[in-house]
Each structure stands twice: as C-alpha cells, then as structure tokens.
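Student: Give the three-dimensional model of this entry:
(chains A and B)
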Amino acid sequence: GENVEQHPSTLSVQEGDSAVIKCTYSDSASNYFPWYKQELGKRPQLIIDIRSNVGEKKDQRIAVTLNKTAKHFSLHITETQPEDSAVYFCAAYLHNYGQNFVFGPGTRLSVLP
Amino acid sequence: DVKVTQSSRYLVKRTGEKVFLECVQDMDHENMFWYRQDPGLGLRLIYFSYDVKMKEKGDIPEGYSVSREKKERFSLILESASTNQTSMYLCASRRDTTYGYTFGSGTRLTVV
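Tutor: Just a heads-up that it's a prediction; the model follows:
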C-alpha cells in the first residue's frame, strides 16, 4: 500500500546546530506535504507545508525542500533551541488513499543545551 | 483560530463497556478524522467523514464505529472496549482536501 517513510526515528543535536529530517513517499500524484510538531502531551501542530509546485519554502528557522522526481521531502531546522525538542511527523496527501494524508512514523528530536 | 475540541482528556473504562469519544470543531470544516496514536506506530487512521452522515473506514476500523449527525461533531464509538484499545485518540478536521489538518488535544483512553 501507500506509505511514507521517515528518517531518522530519533535525532539528538547540540543547541545551535541544524537538524534535518527526511521523508519519502510512494504516490507520484501526491501534491501537498505538511509537517507537524508534537510536544510532549500536546496535540500535533502544523508548522510548515509545501505544495508540489515549489521546491523549497522557508519560515524563519525552519524550511522544507521537496524533490518530486525522487519523491522525497525534508525538514530543516537551523539554530536549534531546546524548545524545538518534540516529535516531528511528515505527511503526504495521497489521492489513492481516499484523498487523505498518510503520516510518517515520526522523529523524536532532542536539542541538548 | 480553528478549534477542535475533544470532550475528555483522560478516560478510564472497563473491558466490555461501550465508549463514546466526542469531537467538535467550530470552523464549518467538511472533513473530520479519528486517529489513534501508539508508540512506535505513529498515527493510524480509524475512520473519516467528508460530510454529514457520511463515513469511510480507515486503516484500522475493527472494533470501532463513528457517527456524524451534525457537521461540527464527529463521534468515535468503541462498541465493546478491549484492553488493546488503550491508546491516545486524536480527532482532526480540515476545510477540504487542499488543506492540512487541525488536531484536537487528544483523549488518552485506558481500558482496564
């Protein structure tokens, strides 16, 4: 079936360093890719998204890149801070999945002070 | 801001009980979803609804049913709760298929 792979499953970085999380998807018709951040005990919140007509989108310290040919997209966080520590989920909108999102399994990011 | 409200934050139920989890959104969203979240398994879709009185099965519908009598409310029903349904349940809504989800705060259900 359709799926979204996400790597790494855990990531530890020093405060101030960059973090990169990568996802791959299987449906070449996918055209919308959101990223969610879930802090401990809280709801997942949309932090950035990208549509298939662009290759990169930035919002302050976070950016997302999309390579449609290779069917992968990545989240980049620069100048990481302790409050960036959370679980991050990527998702891909799949036409062949009832027009719903399939989520990656998540990446637990720890930013060490 | 869109608000998606789940009626209970924590719930403890006994095996065999019928359990209702309620979700209400206040932005006239068409689409609503129920997920369960378990460590190592991520978010798994249980049921979704694109309109009033409409429902579709997700990946893991067994043991669950849903009801959408009004646009703003989407209920998840555990017909006869079992211990393997102990989980975090997340409701989500979106305006339509071109938008991302807004999630509720979740209901942590424990079945004993």
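Student: Which residue ranges of the chain form strands?
Tutor: With no chain named, the answer covers chain A. Taking DSSP state E as the criterion, chain A contains strands spanning A:4-7, A:10-14, A:19-25, A:32-38, A:45-51, A:56-59, A:62-67, A:72-77, A:86-94, A:100-103, A:107-112.
Student: please go with chain B instead
Tutor: Under DSSP E, chain B gives strands at B:4-6, B:10-13, B:19-21, B:23-25, B:31-38, B:42-49, B:56-57, B:64-70, B:73-78, B:87-94, B:102-103, B:107-111.
Student: If I average pLDDT within each of the strands of chain A, which one is lowest?
Tutor: Averaging pLDDT over each of these singles out strand A:100-103 as the lowest, with a mean of 86.
Student: what packs against that strand?
Tutor: strand A:86-94, strand B:42-49 (3 or more CB pairs under 8 Å, 6 or more residues apart in numbering or on different chains; DSSP states H and E). For every residue, glycine as well, the C-beta is placed using N, CA and C.
Student: quick revisit: will you turn the strands of chain A into TSV that also has distance to B:Gly100?
Tutor: Converted to TSV, the strands of chain A look like this (distance: least, CB to CB, whole Å):
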stretch	distance to B:Gly100
strand A:4-7	14
strand A:10-14	23
strand A:19-25	15
strand A:32-38	4
strand A:45-51	5
strand A:56-59	13
strand A:62-67	12
strand A:72-77	14
strand A:86-94	8
strand A:100-103	8
strand A:107-112	18
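Student: Ok, which of these comes nearest B:Met32?
Tutor: strand A:100-103 (11.4 Å; CB to CB).
Student: In JSON lines: the strands of chain B, plus mean neighbour count.
Tutor: Shown next, in JSON lines, are these (neighbours: other CB atoms under 10 Å in any protein chain shown):
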{"stretch": "strand B:4-6", "mean neighbour count": "19"}
{"stretch": "strand B:10-13", "mean neighbour count": "13"}
{"stretch": "strand B:19-21", "mean neighbour count": "18"}
{"stretch": "strand B:23-25", "mean neighbour count": "22"}
{"stretch": "strand B:31-38", "mean neighbour count": "23"}
{"stretch": "strand B:42-49", "mean neighbour count": "21"}
{"stretch": "strand B:56-57", "mean neighbour count": "14"}
{"stretch": "strand B:64-70", "mean neighbour count": "16"}
{"stretch": "strand B:73-78", "mean neighbour count": "20"}
{"stretch": "strand B:87-94", "mean neighbour count": "23"}
{"stretch": "strand B:102-103", "mean neighbour count": "22"}
{"stretch": "strand B:107-111", "mean neighbour count": "18"}
